[in-house]
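Trainee: sequence and computational prediction follow.
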Amino acid sequence: MMLRAFALVWILVSAALRTAAAQGVVSNDGSPVVPPELALRQQLVPYDLETVYWTLDTTNTPFLKEPELSKQSVFHGWLRFGNKDTNNALALIWDQPKSKLYLDQNRNLDLTDDPAGVFRSTNKGPNQVFTKVTVLLRTAAGLHPAILGVRLWSDGALRQVHAQLDSRSLWEAKVGPPGAEWQVAALDDLFSPEGPAFAKFLLLRPWTARTNRLYLRDLTSGIVRFPEQLFWLGEAFRLERRFDSQDGTPVCKLEFTPQQPALTELKVSGESLYYAVLRATNGYTVVLSEPPGTLKVPQGIYTANAVWLKNGAAEAFRLAEAPLLLNATVPTNLVLGGPLTNSVTLTRYGRKLNMNYRLVGADGGAYRLAQQDRAKPPDFTAYHGGKKVLSGMFAFG
């Protein structure tokens, strides 16, 4: 049996990224590409970073002060962030007939003095969606906003109300010379049982990749727990963050303090590397975007959190099913990326033969195309004695 190959042509990373790597952290005009302090501003994203489903606490007792409400189908309750966090319980009123949601942002149980806490749904009935819902949450860093999508639905008598909450915002800045900019983003952990955490995660990826969808718990995108030490654009930094205000607008500020760790040589081979994120235990998070060759990185034992390849508009990423470990305490070879090869594994179950398709990289890991038409899975043809005996398509599952 042979799997009929379909062509995947991969090329090296773009000249713009090669130029950026050669420049290190200094731009053409001599100014630092990575400033000592960087302000990340809140951005709404067009997808859900994380989704949770909660059953809301209800109360029959009116709040201290309320707006004019409908006579029936009005829900009084609480939106609680964190199982043990009593600082993040927001009183709310859902006026179903008027398709309105009221949030007690200032937590004084007066739901008439929060003009920024009133939201309207575009649909009516027992299932209503509210977009761009801003909530003010208390964290160890203070009070700061998060943007949610909220869907509410009930059993019709409002005896029990359920909520779907979608995290829809992150803190973002663009860094780098023209043509080789990076997306620097901090992501909050809003729905943790311990309570909301400000800027718990960090994301670094080329600016041109910022439209790729993110999932907060998916390591393949390059999201990591916020590191104390970062090696990026050929330089090492100690990294700190804090919540602040700039011109009256909330920002997440990052501070990059240069460091001089012991380095070792890393010889990178493989094709079409777009970017990769390596994470060391109790060490540095390393972000790579270099073409094949030798570079220097801090000594450590790393795991490859994310590996992305790019050829024009086509992108592929390494699946997280088989962690890639790297001992970089001495000069080390690292194989990442292409060429990508179509392969199939065969497993026999009695009289049945199970065929599983894999797209394998030069590093032996499994990859997946970032944009895959699920209506057109890979196909195969089986031959016996030079004659075609069977053909079909693989199924996504």
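Mentor: All right, it came through fine. Numbering: from 1, shown residues only.

Trainee: where along the stretch 1-150 of the chain do the strands fall?
Mentor: 37-44, 50-55, 57-58, 74-80, 89-95, 100-103, 118-120, 127-139, 142-154 (DSSP state E, counting those that start in this stretch).

Trainee: surely Ala328 touches Ala262?
Mentor: No - with contact defined as C-beta atoms under 8 Å, Ala328 does not reach Ala262; the gap is 10.8 Å. No exception for glycine: its C-beta is placed from N, CA and C like everyone else's.

Trainee: if I look at the residue nearest to Ser192 when sequence neighbours are not counted, how far off is Val360?
Mentor: Once flanking residues are discounted, Ser192 sits nearest to Gly82: 6.6 Å by C-beta to C-beta, 6 or more residues apart in numbering. Going from Gly82 to Val360 by C-beta to C-beta, to the nearest Å gives 43 Å.

Trainee: wait, what's in contact with Ala39?
Mentor: Ala39 sits next to 173, 244, 246, 251-253 when contact means C-beta atoms under 8 Å, 6 or more residues apart in numbering.

Trainee: one more time with 10 Å
Mentor: Listed by C-beta atoms under 10 Å, 6 or more residues apart in numbering, the contact set of Ala39 reads 171, 173, 244, 246-247, 249, 251-254.

Trainee: before we move on, the earlier item: settle it for me: which of Gly82 and Val360 has more neighbours?
Mentor: Taking neighbours as other C-beta atoms under 10 Å, Gly82 and Val360 compare with Gly82 leading, 20 against 15.

Trainee: how is this protein divided into domains?
Mentor: Per the record, the chain has its domains at 15-48+169-335, 51-167, by automatic domain parsing.

Trainee: mind listing which of the contacts of Ala39 are in strands?
Mentor: Here DSSP state E is the test, and the contacts of Ala39 give 171, 173, 244, 246, 249, 251-254 as lying in strands.

Trainee: widest-spaced pair of those?
Mentor: Within the ones in strands among the contacts of Ala39, Thr249 and Leu254 form the most distant pair, 16.0 Å apart (C-beta to C-beta).

Trainee: who's more crowded, these two?
Mentor: Neighbour totals were compared for Thr249 and Leu254, and Leu254 leads with 26 against 10 (other C-beta under 10 Å).

Trainee: how about the helices in the chain?
Mentor: Under the criterion DSSP state H, the chain contains helices at 15-23.

Trainee: so where's it uncertain?
Mentor: Scanning the chain for pLDDT under 70 picks out 1-32, 84-86, 156-158, 397.

Trainee: centroid residue for it?
Mentor: In the chain, the centroid-proximal residue (C-alpha atoms, centre = their mean) is Leu214; its distance is 3.5 Å.

Trainee: is Trp207 in contact with Gly176, as I believe?
Mentor: Yes - the criterion here is C-beta atoms under 10 Å, and Trp207 meets it with Gly176 at 7.2 Å.

Trainee: got any residues that touch both of those two?
Mentor: Counting by C-beta under 10 Å, 6+ apart, the residues touching both Trp207 and Gly176 are 182-184.

Trainee: in strands, which of the residues you listed appear?
Mentor: Short answer: the shared contacts of Trp207 and Gly176 in strands (DSSP E) are 182-184.

Trainee: include distance to Tyr349 and neighbour count when you put the residues you listed into JSON lines, please.
Mentor: Shown next, in JSON lines, are these (distance: C-beta to C-beta, whole Å; neighbours: other C-beta atoms under 10 Å):
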{"residue": "Trp182", "distance to Tyr349": "48", "neighbour count": "25"}
{"residue": "Gln183", "distance to Tyr349": "46", "neighbour count": "22"}
{"residue": "Val184", "distance to Tyr349": "49", "neighbour count": "22"}
